[in-house]
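Engineer: Only the shape, not the letters, is given here:
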């Protein structure tokens, strides 16, 4: 079930974000992600419209919208490949007429996931925090 994020979800959401970030971005040192947990807790999650995928009382994934930007979509590594990401993305698409996101160019599995779900590339940019190139993708309903 996908539902709105509640403040007491924060620890599960942060655990998912950190473990999935480290797994998906093996080209960036884990310490970088660990250093960003407080920003996620205190800045990014509170500023966003966030939804979680919950089953049996356990959160297995989440996504965050900031305006028309899909600012985050993460699935716990043990639930990846089981449809949770697709369900989250489908839900996000119902909430906006268009969605934009950025994804590291080196993160080929995520790029393939987004392309499979109708996102197209608008160009590239450099992530100011890591210096790694990112693709800017967009979905129009």
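Structural biologist: Looks like it came in fine. Predicted model only: the values in this text are computed from it and were never measured. Residues are numbered from 1 along each chain as shown.

Engineer: how far away is the residue nearest to residue 5 when sequence neighbours are not counted from residue 19?
Structural biologist: Nearest in space to residue 5, with sequence neighbours left out and distances taken as Cβ to Cβ, 6 or more residues apart in numbering, is residue 50 at 3.7 Å. Where you see a C-beta, it was placed from the backbone N, CA and C, and this is true even at glycine. In this view, residue 50 and residue 19 are 17 Å apart by Cβ to Cβ, to the nearest Å.

Engineer: And residue 115, by the same measure?
Structural biologist: Using Cβ to Cβ, residue 115 is found at 24 Å from residue 19.

Engineer: Of the two, which one has the most company?
Structural biologist: Per other Cβ atoms under 10 Å, whichever of residue 115 and residue 19 has more neighbours is residue 19, with 17 against 13.

Engineer: so what pLDDT did the spatially most central residue of the chain get?
Structural biologist: For the chain, the residue sitting closest to the mean C-alpha position, by Cα atoms, centre = their mean, is residue 73 at 2.0 Å. In the prediction, the pLDDT value recorded for residue 73 is 98.

Engineer: Can you tell me the SS state at it?
Structural biologist: The assignment at residue 73 comes out as strand when based on DSSP: H, G, I helix; E, B strand; the rest coil.

Engineer: correct me, but it touches residue 63?
Structural biologist: Yes: assessed by Cβ atoms under 8 Å, residue 73 is found in contact with residue 63 at 4.1 Å.

Engineer: any shared contact partners between those two?
Structural biologist: Taking Cβ atoms under 8 Å, 6 or more residues apart in numbering as the contact criterion, the residues that touch both residue 73 and residue 63 are 88-89, 92.
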